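> How does the following fold in three dimensions:
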Amino acid sequence: MAKVAKRIAKAIDGLERSKLFALDEAVKEIKSRASAKFDETVEIAMNLGVDPRHADQMVRGVCQLPNGSGKTVRVAVFAKDDKADEAKAAGADVVGAEDLVETIQKGQINFDRCIASPDMMPLVGRLGKVLGPRGLMPNPKVGTVTPDVAGAVSAAKGGAVEFKAEKAGIIHAGVGKVSFKESDLVDNIKAFVDAVIKAKPTGSKGTYLKKVSLSSTMGPGLSVDLASVSGQ
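Residues are numbered from 1 along each chain as shown. Reported below is the predicted structural model:
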């Protein structure tokens, strides 16, 4: 515990916690203060003026990070015949149909993203109670139910990040690694914020984007000046 406390103290030393940081300044601070022995993820938290309990205020979508996420994403695909071959050729880690349903029902979920061709959805529907709570249920709104399974696999492997507003109207996501160049992180963050803004629901009233914070996995959170990420 002493080591952890010492690292936290070092991470916040001289940091003006109440300050609003310009995006490039926040990224520089996060990179310089990351001290874990692994490549920490740069995480974004966005507070939105929505109540996701209302259907017309749900915020959900996907963002293709221009410089990738830095994360190795394991992809499972529900497909048969030619579509299964296409998925495998695109780099899918697990491909199947009834056999994949049985594997998942046994509790073997060795993947981070789940994609399905439309004809497989009646089969996949049986797994709603298993995949739904884990955020893995294929959904056409985020491009994971599609006839283009190869394209979806490539997108997932290349840095496609799904997002969904939680109960309090907050979105969390990883937008890169501290080892990334500052400019690459800035581009990723701007792209993510832009995708969330474009996903603004019809029922959102008043201020939509209220707050943006950035942190590394083990580092302190920094509040970001909204004008530097969204032009607001």
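> Show me where this structure has its helices.
Using DSSP state H, the helices assigned to the chain run over residues 2-12, 23-33, 81-89, 98-105, 121-124, 128-131, 149-158, 182-198, 227-230.
> of all these, which lies closest to residue 45?
Taking C-beta to C-beta as the criterion, helix 182-198 is the member of the helices of the chain that comes nearest to residue 45, at 11.3 Å. Any C-beta I mention is one placed from the backbone N, CA and C, and that applies to glycine too.
> in the closest one, what counts as buried?
Buried residues in helix 182-198, counting neighbours by 16 or more other C-beta atoms under 10 Å, are found at 184-193, 195-197.
> ditto for stretch 98-110
100-101, 104, 109.
> Which residues does it contact?
Residues outside stretch 98-110 that contact it (C-beta atoms under 8 Å, 6 or more residues apart in numbering): 74, 76, 78, 93-94, 96, 123-124, 126-127, 130-131, 134, 136.
> quick one on the thing from earlier: now, which of the buried residues of stretch 98-110 sits nearest residue 59?
Using C-beta to C-beta, the shortest approach to residue 59 within the buried residues of stretch 98-110 belongs to residue 109, at 25.6 Å.
> Give me the distance between that closest one and residue 131.
Note on residue 109: its distance to residue 131, by C-beta to C-beta, to the nearest Å, is 8 Å.
> again with residue 227
39 Å.
> Between these two, tell me which one has more neighbours.
For the pair residue 227 and residue 131, the greater number of neighbours falls to residue 131 (18 against 11), based on other C-beta atoms under 10 Å.
> From residue 155, how far out is that one?
Here residue 131 is placed at a distance of 19 Å from residue 155 (C-beta to C-beta).
> now residue 36
To residue 155, residue 36 is 29 Å away according to C-beta to C-beta.
> Neighbour count for the two, which is higher?
When residue 36 and residue 155 are compared for neighbours, residue 155 comes out ahead with 21 against 13, by other C-beta under 10 Å.
> Tell me, what's the model's pLDDT at the more buried one?
Residue-level confidence at residue 155 comes out at 92, pLDDT.
> taking the mean pLDDT, what do you get for stretch 113-133?
Over the span of stretch 113-133, the pLDDT mean works out to 95.
> Distance across it, terminal residue to terminal residue?
Taking C-alpha to C-alpha, to the nearest Å, stretch 113-133 runs 13 Å from one end to the other.
> again with stretch 201-217
Across its full length, stretch 201-217 reaches 30 Å between end residues, using C-alpha to C-alpha.
> quick one: buried residues of that stretch?
Within stretch 201-217, judged by 16+ other C-beta under 10 Å, the buried ones are 201, 204, 208-209, 212-216.
> Restricted to strands, list these.
209, 212-216 (DSSP state E).
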